[in-house]
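Chemist: what shape does this take:
(chains A and B)
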Amino acid sequence: MAVEWIRFLIAAFFLVFGVSAEVRAMIGVYRMNYVLNRMQVAATGDTLGILSILVGLDILSGFSIMMAKFTMIIIFFWITSPVSSHLISEIEVVTNPKADEEFEVKKL
Amino acid sequence: MEILNSAKEILLGAVMVVIAILLILALIRAIVGPRFTDRMVAINMIGTEVIILICCLACMLEQQYLVDVALIYAMLSFLAVVVMVNIYLSVFRERALRNRKQMEVESHEDQIEIGPEEAAQRRNTDAAAETGTGPAAGPAPSGGDEVSPGVHLTDKDQVLTEIRAEGEEEDL
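Modeler: Model prediction:
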């Protein structure tokens, strides 16, 4: 019984930390001025937030097939989220008309 | 055991409520965001939060199939971002190429008559710029040289320089 409670408390810690990471990411998206800054902050929510929440859910669900599926979601997300962030920042750098004001442009 | 189950439900319910509020805020950012890249960042965040919501629901209801739904949703949201970016980038480059050709036509009308060899060379560079390949698309100029017209669209850095110069005229 005590083991169950300890498991619950550890999972609760991870869940609360993950939710706080997502809240911080959302605050950052609203507070930051430029798209590249917002994208960087959103990426922290995409990586740390979802990792922490899914680890908490892993612990909460115990050793089962759901644990394997949550782990698979984490792996897939950690592989694809940087690719999405890179593509969004690439299109921002290429298409932004105010590029010189907002970020340092590489002189060729 | 009863207390533990109700504590688990309350915890997961609270997490889901907070994530739902964040989802609405991300939607507001998608509507308000001044540039379309702001909206893409917001849509990416919405995708992440939906996955978290589905996984929390799966844990609360103890149904395994919902986690499969979350996994497929993750794949779809990634694919959506990739497709949107590729479509927009190709449309933007085509527009920039069209504007460049129009500017060249206008500048050629003002110029003194050019010899047949130079006219043929310019036609070659235009054709190569359209296809993106060919001998006319030669090596990229070194830093500090002027960019020649009818240009080396195969070189990504060249494209960035020119598109940025043209992008100042258009407000996206």
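
Chemist: residue ranges of the helices in chain A, please?
Modeler: Secondary structure of chain A, counting by DSSP state H: helices at A:2-31, A:35-44, A:50-61, A:65-95, A:99-102.

Chemist: pick the most deeply packed of these.
Modeler: Across the helices of chain A, averaging neighbours per residue (mean count of other Cβ atoms under 10 Å in any protein chain shown) puts helix A:50-61 on top, at a mean of 23. No exception for glycine: its C-beta is placed from N, CA and C like everyone else's.

Chemist: could you check the angle helix A:2-31 makes with that one?
Modeler: On the basis of axes from the mean of the first three to the mean of the last three Cα atoms, to 10 degrees, helix A:50-61 is oriented at 160 degrees to helix A:2-31.

Chemist: could you list the low-pLDDT ranges of chain A?
Modeler: Applying pLDDT under 70 to chain A picks out residues A:105-108.

Chemist: centroid residue for it?
Modeler: For chain A, the residue sitting closest to the mean C-alpha position, by Cα atoms, centre = their mean, is residue A:46 at 1.6 Å.

Chemist: ok, that one - contacts?
Modeler: A:25, A:77, A:81, A:85, B:44-45, B:48 (Cβ atoms under 8 Å, 6 or more residues apart in numbering or on different chains).

Chemist: what's the closest of these to residue A:2?
Modeler: residue A:77 (33.4 Å; Cβ to Cβ).

Chemist: mind checking how far the closest residue to residue A:96 other than its chain neighbours is from chain B?
Modeler: Leaving aside its chain neighbours, residue A:96 sits nearest to residue A:102 (6.6 Å; criterion: Cβ to Cβ, 6 or more residues apart in numbering or on different chains). Distance, residue A:102 to chain B, using Cβ to the nearest Cβ, to the nearest Å: 10 Å.

Chemist: now for the closest residue to residue A:39 other than its chain neighbours, how many residues are close by?
Modeler: Leaving aside its sequence neighbours, residue A:39 sits nearest to residue B:41 (Cβ to Cβ, 6+ apart; 5.0 Å). Neighbourhood size, residue B:41 [other Cβ atoms under 10 Å in any protein chain shown]: 31.

Chemist: was I right about residue B:41 contacting residue A:40?
Modeler: No: using Cβ atoms under 8 Å as the test, residue B:41 is too far from residue A:40 to be in contact (9.7 Å).

Chemist: so which elements touch the helix or strand where residue B:31 lies?
Modeler: Residue B:31 belongs to helix B:2-32 when elements are defined using DSSP states H and E. Using 3 or more Cβ pairs under 8 Å, 6 or more residues apart in numbering or on different chains; DSSP states H and E, the elements in contact with helix B:2-32 are helix A:2-31, helix A:50-61, helix B:36-61.

Chemist: now the longest one: how far from the chain's centre is it?
Modeler: Looking back up the chat, that one is helix A:2-31. 12 Å (Cα atoms, centre = their mean, to the nearest Å).

Chemist: is chain B within reach of it?
Modeler: Yes: with Cβ under 8 Å from any Cβ of the partner chain as the criterion, chain B is reached by helix A:2-31 at A:4-5, A:8, A:12, A:15, A:18-19, A:22-23, A:25-26, A:29-30.

Chemist: what angle sits between that helix and helix B:2-32?
Modeler: Using the same axes, to 10 degrees: helix A:2-31 against helix B:2-32 is 10 degrees.

Chemist: residue ranges with poor pLDDT in chain B?
Modeler: Along chain B, the parts satisfying pLDDT under 70 run over B:110-120, B:122, B:125-172.

Chemist: hey, which helix is longest across it?
Modeler: Every helix in chain B considered (DSSP H), the longest is helix B:65-110.

Chemist: same for that helix, what does it pack against?
Modeler: Helices and strands in packing contact with helix B:65-110 are listed as helix A:65-95, helix B:36-61, helix B:116-131, helix B:156-167; criterion 3+ Cβ pairs under 8 Å, 6+ apart.
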